[in-house]
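A.B. asks: please find the sequence and the predicted model below.
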Amino acid sequence: MSKRLIFLGPPGAGKGTQAERLATVAAIPHISTGEIIRGAIAQQTPLGQKAKSYVDAGDLVPDSLILDLIRERLQQPDTASGWILDGFPRNVSQAEFLDRLLRELNQDGVCVISLNVPEEVLVSRLLGRQRQDDNETTIRHRLDVYHQETRPVIEFYRDRGLHIVDGDRSPDAVGATLQELVNA
Ligand code: ADP
């Protein structure tokens, strides 16, 4: 199985947790656009300053802020044996961009994992998390944005390496399924 993994799923699905675990076991980088953006906001970099209002509102940051960042990150030496993308692509235009980029970089073949979790479970997980953008209004909005912008990305990968995994189980159980998939 390719060690180029894309994690899809709504906010609260467990992408970050699972991506982190798998990345450690597989010794490949975990690239979380959400973490990169939160880091930039904390450091008040130009990216952070431009991104802050979008993140606070639960909206997607404009593609123009994300695409170059991904292009640069996927050319770092630590990506040679693979990577896990978490939080990207988040809309179809980002998916199309990634497709072109990977062709250009001769990085063919991705394994796409979509974590499925019922909506009410997501809301209670997110409310328990207490991140700054995890208040109820923003959570509802992020879920709407997910349905409108990100769900179509699952269709984009439908017959191109997509695996749908039940994320409404313990982290260990989900992790074991993912491990089997990657080892297959
Ligand atoms: P979650 O999946 O819980 O919403 P993330 O950490 O993945 O959390 O993302 C947090 C916020 O960062 C998003 O609500 C969005 O504003 C921004 N963001 C992250 N990745 C992207 C992306 N690929 N495109 C646009 N905005 C993004």
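C.D. replies: Now that the structure is in, tell me what you want to look at.
A.B. asks: which strand or helix spans the residue in the chain that the ligand sits nearest to?
C.D. replies: Of all residues in the chain, G34 sits closest to the ligand, at 1.8 Å by C-beta to the nearest ligand atom. All C-beta spots, glycine's among them, are computed from the backbone N, C-alpha and C. Under the criterion of DSSP states H and E, G34 resides in helix 33-43.
A.B. asks: next structured bit after that helix?
C.D. replies: With elements assigned by DSSP H and E, the helix or strand that comes after helix 33-43 is helix 46-57.
A.B. asks: what lies in contact with that next one?
C.D. replies: 37-42, 60-62, 65, 69, 132-133, 138, 141 (C-beta atoms under 8 Å, 6 or more residues apart in numbering).
A.B. asks: what about that helix, near the ligand?
C.D. replies: Yes: using C-beta under 6 Å from any ligand atom, we find that helix 46-57 touches the ligand at Y54, V55.
A.B. asks: return the set of buried residues in the following helix or strand past that helix.
C.D. replies: Moving toward the C-terminus from helix 46-57, the next helix or strand (DSSP H and E) is helix 63-73. By neighbour count on 16 or more other C-beta atoms under 10 Å, the buried set for helix 63-73 is L65, I66, L67, L69, I70, R73.
A.B. asks: and what of stretch 146-163?
C.D. replies: Across stretch 146-163, burial judged by 16+ other C-beta under 10 Å covers Y146, E149, T150, V153, I154, F156, Y157, G161, L162, H163.
A.B. asks: ok, and which of the buried residues of helix 63-73 reach the ligand?
C.D. replies: Of the residues in those, proximity to the ligand by C-beta under 6 Å from any ligand atom holds for I66.
A.B. asks: the residue of the chain closest to the ligand touches F88, doesn't it?
C.D. replies: No: taking C-beta atoms under 8 Å as the definition, G34 is not a contact partner of F88, at 9.1 Å.
A.B. asks: overlap in contacts of these two?
C.D. replies: Counting by C-beta under 8 Å, 6+ apart, nothing touches both G34 and F88.
A.B. asks: neighbour count winner among the two?
C.D. replies: More neighbours surround F88 than the other of G34 and F88, with 25 against 18 (other C-beta atoms under 10 Å).
A.B. asks: any idea of the pLDDT on the residue nearest to that one when sequence neighbours are not counted?
C.D. replies: The spatially closest residue to F88, leaving aside those adjacent along the chain, is T33, at 4.5 Å (C-beta to C-beta, 6 or more residues apart in numbering). Listed pLDDT for T33 reads 97.
A.B. asks: spit out the contact partners of the closest residue to V117 other than its chain neighbours.
C.D. replies: Closest residue in space to V117, ignoring its immediate chain neighbours: G167 at 4.3 Å, by C-beta to C-beta, 6+ apart. Neighbouring residues of G167 by C-beta under 8 Å, 6+ apart: G9, A13, G14, L115, N116, V117, V174.
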